[in-house]
Structures are given as C-alpha cells and as structure tokens.
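> I'd like to go over a predicted model; first the sequence, then the structure.
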Amino acid sequence: MSSTRRPMLRLAVLVSGSGSNLQAILDATRAGTLDARVVGVISDRPGVLALERARQAGIPAITVDYRACGGREAFGARLLEELQRLDPQLVVLAGFMRILPDAVVDHYRDRMLNVHPSLLPLYPGLDTYRRTLEAGDAWHGATVHFVIPELDAGPAILQYRIRIRPGDTVESLRQRVQRGEHRLYPQAIQWLAEGRVACRDGIVWRDGRPASGPEIVDEAD
Ligand code: GRF
C-alpha cells in the first residue's frame, strides 16, 4: 500500500432490520471499492438480522433498544453516547426506522447520510411503494441524502430511478429499488471518502462546486 493512500473513512451504521444495505456497504469495503471501515453497527431493536451481519463481519454490533430507553430524548442520549465511543467520521442510516432526536442529527450535521426509497421530495415517510403505485406514477426510485432534522428532507446527493412497469407490485418495486440502493449507497459514501462530495451550508458540493441537483442514475433497461 502506498504511503500517500488516504486513511479509511470511519463509518458507524444505524440499522433497524434486515441490513441488506449494511451488507452492500460491508461487501464494498471488502471488495476495495469503498475506502471505508465500518467501526460499529447500532440497532434500535434487539435481535435483527443486521446485527448478525455485523457480527459475522467481526464488527461491534450494539443494541440501543428504543423501547427500553423510556422515550425519544433518553434514546437519543444513549445513542449519542455509543456513537461518540465509536468516533465515526460519517454516520450512515441503513434501514434505520426511527426519527432521530435533533440533538443527534445536529451533532453529526453534514456527516450523516440516509437512503430513502422514493424520489424525494416525493413521498417522505413510510409506505412509499404503495403510495407511488396508488398515484399511478411513471417513475419511482431511491434517494441518498444528507440528514437534517426535518424527515427525509436533507440535501440529496444521488437518485436511482426506475420506470414503473405495468403489473409492478409493492414487492417488485421494492426488489428493483433495493438492487439500485445496494449499488449506489456504497458509491455515494465513496464520493464522500474521496472528498468529491460534501455538504456545506445546506448545499451539496460536488467536485468543488455547488451541485444543481442530485446525480441521477437510471435502472438499466
Ligand atoms: C431500504 O430499502 C431503505 O430504502 C429504507 O429501508 C430499507 C431497509 O433495508 N430506508 P435494509 O435493512 O437495508 O435491508
């Protein structure tokens, strides 16, 4: 390894469920396409598959059980404690299903990413696949964005777009969108690791210039 090589970006990953995005990130670090090291995985629920994936990879798997904390603020304080122990440079939300207290988001301002299964600003919140099908939309997808206190509203880095086909269901859309997430989330994190992308004053900067909007990647036909 050359001595000029950049140090690995230290990532903490927050999860709540199956952790397929976590797995994609771990796979990319192992494949050498993501210059990052996952220093810890934190779940707000005990016993989820994502924690097992972390253990399998030899990474600290930590549970901060929301239900046992007695409220959102106490949960936030515990989570912040664990995060500070891990000392990440970037916090990555990967299927993390809680709205974070502002104190946590503020602490990692410009250093926290999320992937959301819609073409934001369309469909913040839950149930995006059902909502897009019911609206009869032509397109759906996923957005990688910086996290701000307002839910699913932070500056977007990248969007993956799929064209909705006749006969698509919630499940078929989920599968197609997640395939894109697994490819593009590690890619977006790599841009941060390379210093190509950053968030300043609520704006995404790409290659030294304010970006006019997210980079858009379409599903291959
Ligand atoms: C992802 O599809 C992401 O868009 C959303 O939650 C889902 C979690 O999947 N935020 P996984 O836990 O990464 O498998």
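Yep, it's here. Residues are numbered from 1 along each chain as shown.
> three-state assignment of the residue in the chain that the ligand sits nearest to?
With CB to the nearest ligand atom, the shortest gap between the chain and the ligand falls at residue 95, namely 2.5 Å. Bear in mind the C-beta positions are built from the backbone N, C-alpha and C, glycine included. Following DSSP: H, G, I helix; E, B strand; the rest coil, residue 95 is assigned to coil.
> what residues are bridge-paired with residue 11?
Judged by DSSP bridges, the bridge partners of residue 11 are residue 38, residue 90.
> that one - how many residues pack around it?
28 (other CB atoms under 10 Å).
> residues in contact with it?
25, 36, 37, 38, 39, 88, 89, 90, 91, 92, 189 (CB atoms under 8 Å, 6 or more residues apart in numbering).
> next: residue 133.
Applying CB under 8 Å, 6+ apart, we find residue 133 in contact with 164, 168, 169, 170, 173.
> send the alpha carbons of stretch 148-159 over as PDB?
The C-alpha trace of stretch 148-159 is given here as PDB (Å, rounded to 0.1, in the frame of the first residue of the first chain):
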ATOM      1  CA  ILE A 148     -31.300  17.200   8.600                       C
ATOM      2  CA  PRO A 149     -33.900  17.400  11.500                       C
ATOM      3  CA  GLU A 150     -36.800  17.500   9.100                       C
ATOM      4  CA  LEU A 151     -37.700  14.000   8.000                       C
ATOM      5  CA  ASP A 152     -36.300  12.900   4.600                       C
ATOM      6  CA  ALA A 153     -35.800  16.500   3.600                       C
ATOM      7  CA  GLY A 154     -32.000  16.900   3.600                       C
ATOM      8  CA  PRO A 155     -29.900  17.800   0.500                       C
ATOM      9  CA  ALA A 156     -29.800  14.900  -2.000                       C
ATOM     10  CA  ILE A 157     -26.600  13.500  -3.400                       C
ATOM     11  CA  LEU A 158     -27.900  10.800  -5.700                       C
ATOM     12  CA  GLN A 159     -31.100   9.300  -7.000                       C
END
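> contacts for that stretch, please.
In this structure, residues lying in contact with stretch 148-159 by CB under 8 Å, 6+ apart are 99, 102, 105-106, 109, 113-114, 116, 118-121, 124-125, 141-147, 184, 187-188, 191, 197, 199, 202-204, 206, 211, 213-217.
> so of those, which ones are in helices?
102, 105, 106, 184, 187, 188, 191 (DSSP state H).
> farthest pair in those?
102 and 187 (28.8 Å; CB to CB).
> re earlier: between the contacts of residue 11, identify the one with the most neighbours.
In those, the most neighbours by other CB under 10 Å go to residue 92, 29 neighbours.
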